[in-house]
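>>> Sequence below, structure please.
(one chain, ligands or ions: 1)
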Amino acid sequence: MTLDYDDRKRRELTLLFWAIAALLLWTANTRSAFADWIPPANVQVTASSQETELEAGFAVHVTDGDLGTVWVSRYSPAVDPGPHSIALLFEGRDVSRVRVTPRQGGSTNGLPVDWRLESSPDGVFWLELAAGTGDDWSDRGARTIGFEPHRAQLVRFTIERDASPSGDFAALAELEVWHEENLGSIGLAWDPVDHPAVSGFRVYWRAEDGGEYARDARFVDVGGTGAIVGGLEPGDQAARRRYCAVVRSIGSAGQTSREPSNEACGPAWVAADLIPAPLNLILVEPF
Ligand SMILES: [Ca+2]
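Predicted coordinates for the structure are as follows:
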């Protein structure tokens, strides 16, 4: 996965998942690949903290299209300790990128240093899309973070530590989400495996109506306990195509575990505006 920054270099980041249950999220039908912005009127904003006494630091300021208005975590009468998060809730979409604009001018309090960006289909399971450690946002430039399109109805930006001496502030000028519908992808999360020989995971997938898993085809290797698999052949609504997946752990010598995880399959074909439900737990067998 790559990050596309407006004003900064491209960086590779590792996908990590918080969830312990499997999620299958997909869309499909055609690869129409249009991208669109989710307008503020369709977005509900919540924040873990906001300043309302000494300045208007309302959370909703991140969707008003005004770079001069900011969300600021509460500091009066006392500083709310970090980390601080701000989340956008919208009707389920295949999200594909997020644009983050830090506060413009003035104090450096609230500029992200350690941060992460996540999405969620339901507010329970969170997928880490990108993260930064020791970053410098003092140029005040906006960053556009792109990722494999996947189903979500929440996007959350967390400032773990900011540029202030205490690291306990948070501020943003704008937070915007784009979506690309009908791109045919599945998202999965599984249990971590606490075994010294496990160096990663191999995800296999198949169309439910498309035969068996292949040991030498249709797989992707990942380092964390989650993956988004894109580029799936779209089915059509009449065929009610859905996708299933299993996971094997990878050993230090590159071997895969003898037994795969249990299989997780998406729900039956859903319309593009429905949110797939979390699926059964995947337990990955160690060696
Ligand atoms: Ca604003």
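>>> For the residue in the chain positioned nearest to the ion, which non-adjacent residue is spatially closest?
Relative to the ion, the nearest point of the chain is Thr69 (3.9 Å; Cβ to the ion). Placement of C-beta: from N, CA and C, glycine included. Among residues not flanking Thr69 along the chain, His61 sits closest, at 4.1 Å (Cβ to Cβ, 6 or more residues apart in numbering).
>>> show me what contacts that neighbour?
The contact partners of His61, taken as Cβ atoms under 8 Å, 6 or more residues apart in numbering, are 69-71, 173.
>>> So which of those residues are in strands?
Taking DSSP state E, the ones among the contacts of His61 that sit in strands are Trp71.
>>> Would you list the phi and psi of Val246?
For Val246, the backbone dihedrals (degrees, to the nearest 10) come out as phi -130, psi 160.
>>> which SS class is the closest residue to it other than its chain neighbours?
The spatially closest residue to Val246, leaving aside those adjacent along the chain, is Pro260, at 4.0 Å (Cβ to Cβ, 6+ apart). Using DSSP: H, G, I helix; E, B strand; the rest coil, the structure places Pro260 in coil.
>>> The longest strand that the chain contains pairs with which strands?
What stands out as the longest strand in the chain, according to DSSP E, is strand 143-162. Taking DSSP bridges as the criterion, strand 143-162 forms sheet pairs with strand 84-101 (antiparallel), strand 112-120 (antiparallel).
>>> Now tell me which of these the model trusts least on average.
Least confidently modelled of the strands paired with strand 143-162 is strand 84-101, at a mean of 92 by mean pLDDT.
>>> Name the residues of the stretch 101-250 of the chain found near the ion, please.
The stretch 101-250 of the chain has residues Ala173 near the ion, with proximity defined as Cβ under 5 Å from the ion.
>>> what's the average pLDDT for the longest strand of the chain?
Average pLDDT, strand 143-162: 91.
>>> C-alpha coordinates for that strand, CSV please?
This file holds the C-alpha atoms of strand 143-162, laid out as CSV (Å, rounded to 0.1, in the frame of the first residue of the first chain):
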residue,chain,number,x,y,z
ARG,A,143,-1.8,15.3,2.8
THR,A,144,-3.9,13.0,0.6
ILE,A,145,-3.7,9.4,1.8
GLY,A,146,-4.8,6.8,-0.8
PHE,A,147,-5.5,3.2,-0.1
GLU,A,148,-7.2,0.2,-1.7
PRO,A,149,-10.9,1.0,-1.9
HIS,A,150,-12.9,-0.9,0.8
ARG,A,151,-16.3,-0.7,2.4
ALA,A,152,-16.5,1.6,5.4
GLN,A,153,-18.9,4.0,7.1
LEU,A,154,-16.5,5.6,9.5
VAL,A,155,-13.0,7.2,9.1
ARG,A,156,-11.1,8.1,12.2
PHE,A,157,-7.9,10.3,12.5
THR,A,158,-6.1,10.0,15.8
ILE,A,159,-3.3,12.3,17.0
GLU,A,160,-1.3,10.2,19.4
ARG,A,161,1.2,12.9,20.1
ASP,A,162,1.3,16.5,18.8
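>>> JSON lines for the strands paired with strand 143-162, including mean neighbour count?
As requested, the strands paired with strand 143-162 are exported to JSON lines (neighbours: other Cβ atoms under 10 Å):
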{"stretch": "strand 84-101", "mean neighbour count": "21"}
{"stretch": "strand 112-120", "mean neighbour count": "21"}
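>>> Dump those into JSON lines; add distance to Phe157 as well.
Compiled in JSON lines, these are given as follows (distance: least, Cβ to Cβ, whole Å):
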{"stretch": "strand 84-101", "distance to Phe157": "6"}
{"stretch": "strand 112-120", "distance to Phe157": "6"}
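>>> So for Ala152, which of these sits nearest?
Ala152 lies closest, by Cβ to Cβ, to one member of the strands paired with strand 143-162: strand 112-120, at 3.8 Å.
>>> Could you list the residues in contact with the closest one?
Residues outside strand 112-120 that contact it (Cβ under 8 Å, 6+ apart): 18, 95, 98, 100, 102, 126-137, 145, 150, 152-163, 167, 170.
>>> and after the helix or strand containing Tyr204, which helix or strand comes next?
Using DSSP states H and E, Tyr204 sits in strand 198-207. Remark: after strand 198-207, the chain's next helix or strand is strand 219-222, criterion DSSP H and E.
>>> Give the buried residues for that following strand.
Neighbour counts over strand 219-222 (16 or more other Cβ atoms under 10 Å) mark 219, 222 as buried.
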